[in-house]
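Q: starting from these lines, generate the structure:
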Amino acid sequence: MPNLRASVFLIATALAAPAAAQSYLPQARMIGGNPGPQHNYVCPNVDASGKALDCYVDAVRHLYTMCRHVKSIEIIEHGYEGAEQGTNGAKSEYCIDKQKLNITRPYQAALREAAVSKQAVNGVRALHELWNAALTSLKWRPGESDDEYKSRTAAVYAAIDERVTAIREYIASAGSRSRTTGRTVAASAPDKAPR
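A: As a prediction, the model looks like this:
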């Protein structure tokens with residue numbers, strides 16, 4: 001009889017597990033269309049109140065870092081020269097392809113949010129181009145020392161920060177211009193009160 005009770009308990013537990021998981025899923029917070037924060041793979045450092053640009057900027061840094069780590073593992077396993085030979089670079093190539101797909105929605109949302117300023121839109125596009133180029137340049141360059149490689153791949157973060165600062169300034173400037181223009185138009189409108 002004890003074995004029968006244990007079997008019934010295990011079966012009941014196995015049947016209840018999917019129901020328990022289902023009850024949890026709707027409760028997960030959504031961030032940029034992703035459940036988060038612990039389940040948010042694309043922009044894990046942005047909370048639910050974050051804007052599209054915040055998610056995109058976080059994704060740029062986070063996804064670049066992930067592929068940089070994958071490339072570092074390949075370099076540790078095979079050395080700088082060996083990391084690009086044969087299929088040794090397959091993991092980082094897969095990472096780059098995967099992250100290019102993952103960033104598509106945050107990028108499009110950031111472009112929509114930046115639409116208040118043509119300069120901001122151009123800035124988001126330039127940041128995206130920088131990100132793509134940075135992923136491609138994770139490969140080691142023949143003759144490059146360990147320090148040179150690490151400095152070059154780490155310098156990307158400063159370039160990202162510069163572009164993000166400029167984008168935020170463009171958006172803030174566009175916002176202040178629209179508020180000023182709105183007040184000027186309201187002040188110059190004729191008084192339509194009955195006399």
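Q: got a list of contacts for stretch 140-155?
A: With contact meaning C-beta atoms under 8 Å, 6 or more residues apart in numbering, stretch 140-155 is reached by 68, 71, 75, 80-81, 83-84, 134, 137-138. All C-beta atoms are positioned from the backbone trio N, CA, C, and that covers glycine.
Q: could you tell me which of those belong to strands?
A: The members of those all map outside strands under DSSP state E.
Q: okay, these in CSV with pLDDT and distance to Val164 next?
A: Output for the contacts of stretch 140-155, formatted as CSV (pLDDT from 0 to 100; distance: C-beta to C-beta, whole Å):
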residue, pLDDT, distance to Val164
Arg68, 97, 18
Lys71, 96, 23
Ile75, 95, 28
Tyr80, 94, 30
Glu81, 91, 35
Ala83, 92, 30
Glu84, 86, 31
Ala134, 97, 14
Ser137, 96, 19
Leu138, 96, 20
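Q: just the strands in this protein please.
A: 29-31, 34-36.
Q: pLDDT averaged over the first one - what is it?
A: The reference is to strand 29-31. Here strand 29-31 scores 55 as its mean pLDDT.
Q: please report the distance of the nearest residue to Tyr80 once chain neighbours are set aside from Asn132.
A: Leaving aside its chain neighbours, Tyr80 sits nearest to Trp140 (4.4 Å; criterion: C-beta to C-beta, 6 or more residues apart in numbering). For Trp140, the distance to Asn132 equals 18 Å [C-beta to C-beta, to the nearest Å].
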